[in-house]
Each structure stands twice: as structure tokens, then as C-alpha cells.
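1. no letters, just coordinates:
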């Protein structure tokens, strides 16, 4: 296998910060138990943020009755208030633990399936904890999953502040071309061989702690949930917010932004291993990007990829990495002297530089030169 990858993929991790306590929050001003909610700043929004969260489900367990739910209801935004029915009142001289989950897109909420997958169990023999069982991330659903917890609340607490965490990871994509001889158009991006099912054990502590802008640490401490048992082999199509007819240039084209908001690919947090380029089809090992593109060369616009048709996918390994919940990873594809590999094995005979593997899509033309020596044409005497 080649030691160098001709097609560069650059990854940068950016934390998805939660909002600070003085940011706009909607509060139920009615009698009984009230809620305030935060779910991320709008300027850094993905599928759901402070402005777009409109519904969540809450469970509450009272300390003197851990075997039953004190609350088990949907909470809905009504104008500037969070409302639910029937109204619940604080138990006297008792503490209550609250657990909440939301799932949706910027267009609305979808709680039906996700609440059915939630269960509760004792943790450390003293706390009842929330568990999201065998959750599957569905391709193209773009469903953002959020969770929150508030432990040890009481009548003295007043409004129950629920700070929601993003349970999934987000992938964002961009591309550029730094070779002036190439004209490249990208039509779509997929990610292949990704685990799509896992179980999330909810946080053991209140999720009140806020992340600062630019914070690059998540999943630290008990106020984050923990994913486990990641399984499956899914292929995901990334949201694509660009005109594929416009060729790339030396400035990166963003595919995962819709206006000032990120609209990236939501995936299960997991540890990624790079594609083993001797594996294909049902025997594929590791994860890879599939980039549907067209490559032309020179002023004469000679098409060098694909050999037939206008567009075809090229493959490149996903760099080995651990994707964490609440993190956005930006991958920028840089076309220069390489453009990835054919998704299947190379032609016969095999490429001697990569036996058993795929063929590089861009392979520069090398010229070797030899010059024949002048040959002896014989000796001839010329009489004067």
C-alpha cells in the first residue's frame, strides 16, 4: 500500500458550546414547577438550539418514592412559556431529580420514537438514571438528540433550569483545489462503514455547567452521558449546501453551512479506524469518504475522471479519530496532485505501487527518456 495519501483531508474539532445563564431563556410563569431551557447559541446552531427547541419530554423522580415517576410528560413551548399539563407542585421537604430528552430538527420536534427507547435504572445504588437504549441514527433524518438532567432540586430551587447537551457528533465538509490545471466539481459526499446504533447512559450529575465558546472538551465528568455498545455498518449522505456546477478554487467551498448555521451530518459518537485499502464491498474494513466529483484537465477541459459519465465517486480513508458527542469536526478535502482512489480494486495488472488495492484517481504523467546511440553504418571510400 502507498505510504502517502495524495488527497488531503484536514480535520478540525470545534466544541458546540451551550449558552450561558444570562442568555435568552423561555420560562413557564404559571403556578407549580417551572422550567427554563437552554440548548446552544443560535450563531453556532446545528439542528436544534435555543430558538428552535420547542418540545421535550421530562421525567421526575422524588427521593421518597424512587420507584415511581413524579412527572412523566411532554413540555411544549407556548410563546415565551414552557407549558405542560397537569401542573405539578413541589413536594414538601423533599428533593426531586429531573431527566429530559428532546429530538428534532430546525423544522420541528420528533419525540415519539425516542421516548419509547428511554428506560431508567439505579446507578451507584442510590440514583435513578436515564438510559437511551439501542438508539439508531437514521440516514438523512438529520435528527438532533439532546438530553438534560437536574439532580437534587427542591421547592427552594424555584425554576428548574435544564441545560441540554447534544448527544451526537456532527461532521462538516468543505473542499478546495490548489492545482490551476484542474477543474473539479463536487456533487455529493457520503461516509461509509459507520456504526449507527448504540446505548446512551444519561449523566449522573446536573448538566448545568456551561461550555465556553471555543471550548474543545466534552464528555468530561459526570454531567455528560456515556455511549456504549456502538454497532452497525451504515453509509450516510451528508447535507450538501452548495452549487455543484461551480468548480472549486483555492478558497474552500463550504458544504455544511446553510446561511450562518451549520447543517452538518449527525452521527453516533465512536472511534473511527481508517479504510484498509485492500478491502472492498462486504469485506470493507474501516471507514471512508465517498466524494462524487468530476475532474477536467487543462484549458482544453479534457475529462480525466470519470472515464464514462459526468460524475463518479472517489474514495479516501477517514483519518483515524474518536468522534465525541457535542463536537463538530470539519473535514476539508484538498485537491492538488491527488484526488483519492477508485472505490474498487485497481485494474489488472495490479498497480505495482499498491498491489491488491485501488487505483489512484489522479496519477501524474511521468516521462522517461532514452536516446539510441548512432549506429555504425559501415566505412566507404570515396575516390576524388
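-> Thanks, I have the structure now. What you see is a predicted model; the values in this text were computed from it and never measured.
2. rest of the way, CA atoms for contacts and neighbours
-> Fine.
3. what pairs with the helix or strand hosting residue 122, parallel or antiparallel?
-> In this structure, residue 122 is located in strand 118-123 according to DSSP states H and E. Strands adjacent to strand 118-123 in the sheet, as given by DSSP bridges, are strand 127-136 (antiparallel).
4. give the next helix or strand downstream of the partner strand.
-> Along the chain past strand 127-136, the next helix or strand (assigned with DSSP H and E) turns out to be strand 144-153.
5. give the buried residues for that following strand.
-> 144, 145, 146, 147, 148, 149, 150, 151, 153 (16 or more other CA atoms under 10 Å).
6. now stretch 321-334
-> 323, 324, 325, 326, 327, 328, 329, 330, 331, 332, 333, 334.
7. now the second one. Nearest residue, chain neighbours left out?
-> Going back to what we said before, that points to residue 324. With CA to CA, 6 or more residues apart in numbering as the criterion, residue 324 has its nearest non-adjacent residue at 5.0 Å, and that residue is residue 269.
8. picking that back up, quick one: contacts of the strand holding residue 122?
-> Defining contact as CA atoms under 8 Å, 6 or more residues apart in numbering, one finds that strand 118-123 is touched by 128, 129, 130, 131, 132, 133, 204.
9. the fifth one and residue 225 touch, don't they?
-> No: applying CA atoms under 8 Å as the test, residue 132 and residue 225 come out as separate, 9.8 Å apart.
10. quick one, which of these two is more surrounded?
-> For residue 132 and residue 225, the more surrounded residue by other CA atoms under 10 Å is residue 225, and the numbers stand at 26 against 21.
11. residue 96 pairs with what?
-> According to DSSP bridges, the residues that bridge with residue 96 are residue 62, residue 153.
12. between the buried residues of strand 144-153, which is closest to residue 242?
-> residue 144 (22.0 Å; CA to CA).
13. that closest one and residue 380: what is the separation?
-> Using CA to CA, to the nearest Å, one obtains 91 Å as the distance from residue 144 to residue 380.
14. what's the answer for residue 230, then?
-> Shown here: residue 230 relative to residue 380, a distance of 86 Å by CA to CA.
15. now do residue 181
-> Relative to residue 380, residue 181 is positioned 54 Å away (CA to CA).
16. just want to know which of these two has more residues nearby.
-> Regarding residue 181 and residue 380, a neighbour count based on other CA under 10 Å identifies residue 181 as having more, with 13 against 6.
17. hmm, back to that, okay if I get the buried residues of stretch 321-334 as a markdown table plus pLDDT and distance to residue 100?
-> Formatted as a markdown table, the buried residues of stretch 321-334 follow (pLDDT from 0 to 100; distance: CA to CA, whole Å):
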| residue | pLDDT | distance to residue 100 |
| --- | --- | --- |
| 323 | 94 | 24 |
| 324 | 93 | 20 |
| 325 | 93 | 17 |
| 326 | 90 | 17 |
| 327 | 90 | 20 |
| 328 | 90 | 23 |
| 329 | 92 | 26 |
| 330 | 92 | 29 |
| 331 | 94 | 32 |
| 332 | 94 | 35 |
| 333 | 94 | 38 |
| 334 | 92 | 41 |
